[in-house]
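Peer 1: predicted model and sequence below, questions to follow.
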There are 4 protein chains.
Amino acid sequence: MSSLDVSTANEQLQACIQECVDCHRACLETAAYCLEQGGRHAEPDHLRLLFDCAEICQTSANFMLRRSDLYPLICEVCAEICAECADGCDAFEGDARLERCAEACRACAERCQIMAEEEGVE
Amino acid sequence: MSSLDVSTANEQLQACIQECVDCHRACLETAAYCLEQGGRHAEPDHLRLLFDCAEICQTSANFMLRRSDLYPLICEVCAEICAECADGCDAFEGDARLERCAEACRACAERCQIMAEEEGVE
Amino acid sequence: MSSLDVSTANEQLQACIQECVDCHRACLETAAYCLEQGGRHAEPDHLRLLFDCAEICQTSANFMLRRSDLYPLICEVCAEICAECADGCDAFEGDARLERCAEACRACAERCQIMAEEEGVE
Amino acid sequence: MSSLDVSTANEQLQACIQECVDCHRACLETAAYCLEQGGRHAEPDHLRLLFDCAEICQTSANFMLRRSDLYPLICEVCAEICAECADGCDAFEGDARLERCAEACRACAERCQIMAEEEGVE
C-alpha cells in the first residue's frame, strides 16, 4: 500500500469506528426510552434487536480499535444487524427518537459494509 | 417445530453457550499468560487474535442468552475466528497451556458452526 | 505469600470467576424471560437491574481472568450490585426462575465480597 | 428536582458518557500501539491497566446509557481506575501518544468523580 492509501484507509477506519460508537449509543438510549414507553415500544423482539445492534457495534468498534485484521468479518455481520435494526425502528414512524435511531443504524450499516469489503489495514 | 425438536434445539443452544463461555475464559487466561511469558508468546498478532476470539465468544454467548434470533449470524463469524485462533495456538506446540487453548477454540468453532446452520430457536 | 497461600488464593479467584460467569448467565436468561412475561416482570427498573448485574459480573470476571490486580475494586461494586439484584428478584416469590436468579446473585455477592477484601494475587 | 436541575443533570450525564467513550477509545488505541512498540511499552502491568481502564469506561458508559440509577457506584470505581491509568501513562514522558492517553484518563476521572457524588438522575 502507498502511504497515501494507508492514510485514506486509516481515515475510513476512524470514520467507521465513530459510526459504530454513535450507533451503539443510539441503540442503548433508544432501548432505555422504549422500556419506559412500554406497549408496542417494549415488545421483546424490538428490544432484543436494539440490544443486539448495540452489542455488535461495540464489538465491531473494539476490533477496529485493537487494529485487528479480522475486522472485515465483524463489520460484515455488523452491517447486516444494523440494517435489520434500522428496518425495525422504521416501524415507529412519527416517533422522532426512533427515527433518529434508524438513521444512526443506517449510517453505521453503510460504513460497515464498506469496511467489510476491505482486506484489512496492514 | 415439535416439542421434541424444541427440546433438542434448546440443549444445543445451551451446549453452544457453554463452549463460548469456556473459550472466552481460555483465551483471556492464555492472553494473560502469554503477556507474562513475553517473546514469541507476546507477539502483537498472537495476542490480538486471543483478544478477538475472547470478545466474539462473549458476544456470541450474550446473543444466545438473550434468545436473539440473530445468533446464527454471530455464531458463523465466531466459528471462523475460533478456528483461526486455534491455528494460531497450534504454533506453540509443546506448551500445554496453548494446546489446551487450541482445544477450547476448536470445540467452540465446531459447536458454533452447527448453530450457524440453524434457523434460530423460535 | 507462601506457595500454599498462593494456591489457596488462586482457588478463591477461580471460584469467584465461576460465580460471576454463572450470575451473568442467570441474569441475562432471566431478563429474556421477564421481557417475554411482560407486566410486572418487565418493569424498566427490574430489567435494568438485571442488565446492570449481568454487565458488572462480566466485567468482574474479565478483570480476574486478565489477572489484573485491580479486581478487588470491581469485586466490591459487583458484590453491591448483585445484592441489590438478589433483593429485586426476591420480590417475585413463587416464580422459580426468579428465585434461582436471586440465589445466583446472592452466591456471587458473597464470593465477590471475599475478593473485595483481598489485596490482590501477586 | 426542578426542570432546570433535571436539564443540568442530564447535560452532566451526557458529558460523562462522552468522556468514558473517549477514554475507552484512547486506552484501546494506546494498548494496540504499546503492543507494537514492545519493550517497556508492552510490560504486562502497563497493558493490563490500559485494558482495565478501557473496560470499566465501557461499562460505565453503558450504565449511564441505560439510565441505570446505579451509575454513581460504577463512576466511582471508574474514576479510581482512570486516575491509576493516567499515572501509569505519565511514566512515558515524551511519548505524545501516551501523554494524550493520560489526558483522556484524567479528564474521565474528573467527570466520573463528579457523577459518583450524584445521587442518580431520576
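Peer 2: Nice, I can see it.
Peer 1: which parts of the longest helix anywhere in chain A are buried?
Peer 2: Counting residues, the longest helix in chain A under DSSP state H turns out to be helix A:3-37. Judged by neighbour count using 16 or more other Cβ atoms under 10 Å in any protein chain shown, the buried positions of helix A:3-37 are A:9, A:13, A:16-17, A:19-35. C-beta: built from backbone N, CA, C; applies to glycine.
Peer 1: out of those residues, who's near chain D?
Peer 2: Contacts with chain D within the buried residues of helix A:3-37, counted by Cβ under 8 Å from any Cβ of the partner chain: A:17, A:21, A:25, A:28, A:29, A:31, A:32.
Peer 1: number of nearby residues for the closest residue to the fifth one other than its chain neighbours?
Peer 2: Spelled out, that is residue A:29. What sits nearest to residue A:29 in space, not counting adjacent residues and going by Cβ to Cβ, 6 or more residues apart in numbering or on different chains, is residue D:65, at 5.6 Å. In terms of burial, residue D:65 registers 24 neighbours under the definition other Cβ atoms under 10 Å in any protein chain shown.
Peer 1: isn't residue D:65 right up against residue A:33?
Peer 2: No: at 10.8 Å, residue D:65 and residue A:33 do not qualify as touching, with contact defined as Cβ atoms under 8 Å.
Peer 1: circling back to that earlier point, quick check: angle from the helix or strand just after the longest helix of chain A to helix D:44-65?
Peer 2: Read in the C-terminal direction, the helix or strand following helix A:3-37 is helix A:44-65, with elements assigned using DSSP states H and E. Orientation of helix A:44-65 against helix D:44-65 (axes from the mean of the first three to the mean of the last three Cα atoms, to 10 degrees) gives an angle of 150 degrees.
Peer 1: dump the C-alpha coordinates for the next helix or strand after helix A:44-65 into PDB.
Peer 2: Moving toward the C-terminus from helix A:44-65, the first helix or strand encountered (DSSP H and E) is helix A:71-90. Output of helix A:71-90 as PDB, limited to C-alpha atoms (Å, rounded to 0.1, in the frame of the first residue of the first chain):
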ATOM      1  CA  TYR A  71     -12.400  -6.500  11.500                       C
ATOM      2  CA  PRO A  72     -13.900  -7.100   8.000                       C
ATOM      3  CA  LEU A  73     -15.600 -10.200   9.300                       C
ATOM      4  CA  ILE A  74     -17.200  -8.400  12.200                       C
ATOM      5  CA  CYS A  75     -18.100  -5.300  10.100                       C
ATOM      6  CA  GLU A  76     -19.900  -7.600   7.700                       C
ATOM      7  CA  VAL A  77     -22.200  -9.000  10.300                       C
ATOM      8  CA  CYS A  78     -22.500  -5.600  12.000                       C
ATOM      9  CA  ALA A  79     -23.700  -4.100   8.700                       C
ATOM     10  CA  GLU A  80     -26.400  -6.800   8.500                       C
ATOM     11  CA  ILE A  81     -27.600  -6.400  12.000                       C
ATOM     12  CA  CYS A  82     -27.600  -2.600  11.800                       C
ATOM     13  CA  ALA A  83     -29.700  -2.800   8.600                       C
ATOM     14  CA  GLU A  84     -32.300  -5.100  10.400                       C
ATOM     15  CA  CYS A  85     -32.400  -2.700  13.400                       C
ATOM     16  CA  ALA A  86     -32.900   0.300  11.100                       C
ATOM     17  CA  ASP A  87     -35.900  -1.500   9.500                       C
ATOM     18  CA  GLY A  88     -37.200  -2.400  13.000                       C
ATOM     19  CA  CYS A  89     -37.100   1.300  14.000                       C
ATOM     20  CA  ASP A  90     -38.800   2.400  10.800                       C
END
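Peer 1: which secondary structure elements does helix A:71-90 sit against?
Peer 2: Here helix A:71-90 is seen to pack against helix A:3-37, helix A:44-65, helix A:96-116, helix B:71-90 when contacts are counted using 3 or more Cβ pairs under 8 Å, 6 or more residues apart in numbering or on different chains; DSSP states H and E.
Peer 1: how far does the third one sit from its chain's centre?
Peer 2: On the basis of Cα atoms, centre = their mean, to the nearest Å, the separation between the geometric centre of helix A:96-116 and that of its chain is 6 Å.
Peer 1: can you list the buried residues in it?
Peer 2: A:97-98, A:101-102, A:104-109, A:111-113, A:115-116.
Peer 1: can you check what angle separates it from helix A:44-65?
Peer 2: Interaxial angle, helix A:96-116 versus helix A:44-65 (the same axes, to 10 degrees): 40 degrees.
Peer 1: how near is residue A:97 to residue A:22?
Peer 2: Between residue A:97 and residue A:22 the computed distance is 14 Å (Cβ to Cβ, to the nearest Å).
Peer 1: hmm, I was thinking of residue A:112
Peer 2: In terms of Cβ to Cβ, residue A:112 sits 12 Å off from residue A:22.
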